[in-house]
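Peer 1: here is a sequence with its predicted model. Questions after.
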Amino acid sequence: MSGVLIHVPQDPPLTLRLGAGEVARFGRGSDTVGVELRLDDPAVSRLAGEIRVNEDHWLLSNLSATQSYLVENPEGAGEYLRVPPRRLGAPIPFEFARVVLPTRDTPVSFQVFAPDHVYLDPQGAVGGRLGTQTLTAYSLDETATYFLVLVALCEPRLRDESALAVPTTPEIVERLRQLPQCARLTARGVSAHIDYLAEEKLRIVLPESRDVGRGARRNGKREALVGIALRFGVVGESHLGLLPSRSAASGNSVQAQAVGR
Amino acid sequence: MNAGAGAERVPAGFRVGGWAVGEPIADGGWGWVYEGQSVRGSDDDHPAAVALKFLPTSGLAPKQARGLLECAHREREFGRRARHPRLIRVLDSLVLNEPDHPELDGAIVLVMERAEHSLRQLLAGEAGLADGQAERILTEICEGLAHLHELGWVHGDLKPDNVLLMADGSVRLSDFGLASELDGTHGTHAWMPPLGTPDFLPPERWKAPLGERGVQARPSADIWALGIMVHQMFTGGISPFPGATPAARGAAAQEYAGGRAPLRLDAAVPPFWRELATDCLAPTHEARAACTAGVLLARIGAETHGSGTGAARTDGDRRRRRVVLGAAAATALCAATVAGWVYVADDSGAKQDGSVHVTNVSDTAGPAAITVYNVEPTCRAHAADRDQQCSLGLAIDPLAPYTVANVVATRVWHGDVLTAQCRLPQGLPVTDEFGTRSTEWYRVRLPGGAADATAWFPAVRTKDRPALPACR
């Protein structure tokens, strides 16, 4: 239960974390109307709406009298919700959401992450009662792109090809791109998913050494992620089926590399 | 592992050691519990009916099996090492070799005392609790927890499902799959797999980072779970945190811990237990740390004694109660003890205050004989029995926390004579059951050990005050 994370992609980017029960207002703001998320566009109301963290999800209030807001699931197959004007406290079910406010030219948008969504353990619910059973405290959505990235990171170890090597970002992009839902996956996207997994989902503590270069630290994060995911059974051999088959790999670059190790 | 619901995992009549498998008792995420009937009579170590806990290791992806095995080994190891009237007894453990039953092959089976039902079943029952039953059960849970923490273990998954009630109504804590030993070097926390029951996890656990060894767990996490159970006992199993789902209640606990919502306990909880639950549910580990199971037990003892409740109890219980009262006088309330986690064992101490033994300071004399003195009268009366419960420990390092890892295997009993070589005036403070505190330790020759083997003996455990040189 770490609440939600709001990210406004503007210059400079703004990131806000809300705990359970906390509220953030968004809009153009003014001297008299304070907002936590300032969206600087003349088409946005001074007080356009409100985000409230509720249980493991969040509620969106549309305080505009005339405009509908869209909440898109960037990972879904075009799933979205329309929140009509003056609607209060609409529950948003997506772990990843992009809130889009209509404007005259480029729409204003920001992202909201809700990493607290709870999933039943894969082997859970056998005769157990919901609520009193012991669960893995870190639940992942196995249909999410971040999970595919995690499986791809763990693949060499799961296939016993290498006990040490962890795939690089370009290797993961290459590996996952053949999947329809990852056709537009970029290196930046993969890095963001890795950060999200390490910081929000598994909350990994990195080993002490901090004085090394940036590249080495990044690697430390990946290795820690792989080590912990495998150690606690977050990813197993059965998940390899989520990855595209290797024989179909275009250019066989991944395969060639694997053999070369 | 995801076998169809209701599928018979272990055929009735299946033989495990000296037992035949009977009716299923429970079916959990990582194991199945069946009743076992003895096939060859019964005695103290081999009762007629037992509970057989099957922890399967096959039929699972290897990585998951590894995790399960770890839990199974923890539970087995724990059962072997911890014995107490409030902890479920593990009578035996075995590994199945059943190539004809692939699902059972390699499974670890723990043979345990047969309980009547769990506290969850009792709370869910129509009958409700008898007068004084809630108080008695909570006291006994606290006794088990205090013992567990004294040994340097954290339960990690304390909840009504894991509190079992025997046929005579007495409490046994069970399910030590997550129980972990406190870290040997610091003695402040243990590491356990990232598992837990959402309704019983303390607020800090929701944000706890995950490392190579799992998540950090401290005894204060068990105290939080105890606070939830105190509330449940008087409200028919209702959590103090509102919400329809565990996630909602977890968020409510976060809101409370973040200072954005007050703690609203049900009016049905009696004032004394209300206060106790409030202390157990202090929002942070730091605020909870002073409220150890031992301190809580002392408070309960003082309260129960004062109001004269507490039905028929065994001699052992009466004895324990007296001891507890002694402790109560010394420790007073949680608020009075220092902040920060102090190891709760009988050897805990808070302040580095003056030693109680300041006489006979001498730098001259050589080795001296000291006689072990146990403050518990029952242990003195039955010293010859060498009962494990009456044994006292010797430390490896008098400056390190007094945890299981810091204790030598050799135990000593009341009346034993040890050879002390030197004294250390300022070691870790040790408090006995009656609250006498001392920072003084003696280096003693290890009884029955090699001539040069030594260990450290707390001065509070003897009445002798020999003139000894300071240890260097």
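Peer 2: Perfect, thanks for sending it. Only a predicted model underlies this, so the values are computations on that prediction, with no experimental measurement involved.
Peer 1: and the helices in chain B, which stretches?
Peer 2: Taking DSSP state H as the test, the helices found in chain B are B:62-81, B:119-124, B:133-150, B:219-235, B:246-257, B:271-280, B:285-289, B:293-307, B:315-331, B:377-381.
Peer 1: weakest of those in terms of mean pLDDT?
Peer 2: Mean pLDDT per stretch puts helix B:315-331 lowest among the helices of chain B, at a mean of 39.
Peer 1: follow-up on the earlier one: tell me which of the helices of chain B sits most buried.
Peer 2: Ranked by mean neighbour count under mean count of other Cβ atoms under 10 Å in any protein chain shown, the helices of chain B are led by helix B:219-235, which reaches a mean of 25. Any C-beta I mention is one placed from the backbone N, CA and C, and that applies to glycine too.
Peer 1: what angle do that one and helix B:133-150 make?
Peer 2: 170 degrees (axes from the mean of the first three to the mean of the last three Cα atoms, to 10 degrees).
Peer 1: CSV please, covering the helices of chain B and showing distance to chain A.
Peer 2: Output for these, formatted as CSV (distance: least, Cβ to the nearest Cβ, whole Å):
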stretch, distance to chain A
helix B:62-81, 5
helix B:119-124, 6
helix B:133-150, 16
helix B:219-235, 11
helix B:246-257, 4
helix B:271-280, 19
helix B:285-289, 16
helix B:293-307, 21
helix B:315-331, 29
helix B:377-381, 38
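Peer 1: would you map out the domains in the chain?
Peer 2: You didn't say which chain, so I picked chain A. The record's domain parsing of chain A by automatic domain parsing lists A:4-113, A:145-260.
Peer 1: sorry, should have said chain B
Peer 2: B:15-113, B:117-336, B:368-461.
Peer 1: helix or strand: which one has A:Pro91?
Peer 2: strand A:90-92 (DSSP states H and E).
Peer 1: between the helices of chain B, which one is closest to A:Gly19.
Peer 2: Among those, the nearest to A:Gly19 by Cβ to Cβ is helix B:246-257 (6.1 Å).
Peer 1: roughly how far apart are A:Val44 and chain B?
Peer 2: 28 Å (Cβ to the nearest Cβ, to the nearest Å).
Peer 1: flag the shaky bits of the stretch 51-200 of chain A, pLDDT-wise.
Peer 2: A:122-132, A:136-138 (pLDDT under 70).
Peer 1: rerun at 50
Peer 2: A:125-128 (pLDDT under 50).
Peer 1: then chain B?
Peer 2: B:1-6, B:61-63, B:308-333, B:335-364.
Peer 1: report the closest residue of it relative to chain A.
Peer 2: As assessed by Cβ to the nearest Cβ, chain A sits closest to B:Asp27 within chain B, at 3.5 Å.
Peer 1: that residue and B:Gly156, how far apart?
Peer 2: 21 Å (Cβ to Cβ, to the nearest Å).
Peer 1: ok, B:Met233 next?
Peer 2: B:Met233 is 21 Å from B:Gly156, by Cβ to Cβ.
Peer 1: also B:Gly128?
Peer 2: For B:Gly128, the distance to B:Gly156 - Cβ to Cβ - is 30 Å.
Peer 1: just want to know which of those two has more residues nearby.
Peer 2: B:Gly156 (27 against 10; other Cβ atoms under 10 Å in any protein chain shown).
Peer 1: the more buried one touches B:Gly196, doesn't it?
Peer 2: Yes. Contact status for B:Gly156 versus B:Gly196: in contact at 7.2 Å, counting by Cβ atoms under 8 Å.
Peer 1: between the two, which contacts overlap?
Peer 2: B:Leu178 (Cβ atoms under 8 Å, 6 or more residues apart in numbering or on different chains).
Peer 1: start to end distance for stretch B:421-436?
Peer 2: Stretch B:421-436 has an end-to-end distance of 23 Å (criterion: Cα to Cα, to the nearest Å).
Peer 1: what about it, distance to the chain center?
Peer 2: Relative to the chain's own centre, stretch B:421-436 is displaced by 23 Å; criterion: Cα atoms, centre = their mean, to the nearest Å.
Peer 1: who are the contact partners of the nearest residue to B:Gly243 once chain neighbours are set aside?
Peer 2: Excluding the flanking residues, the one nearest B:Gly243 by Cβ to Cβ, 6 or more residues apart in numbering or on different chains is B:Arg249, at 4.1 Å. By Cβ under 8 Å, 6+ apart, B:Arg249 lies in contact with B:198-199, B:239, B:241-243.
Peer 1: just the buried members of those?
Peer 2: B:198-199, B:239, B:241 (16 or more other Cβ atoms under 10 Å in any protein chain shown).
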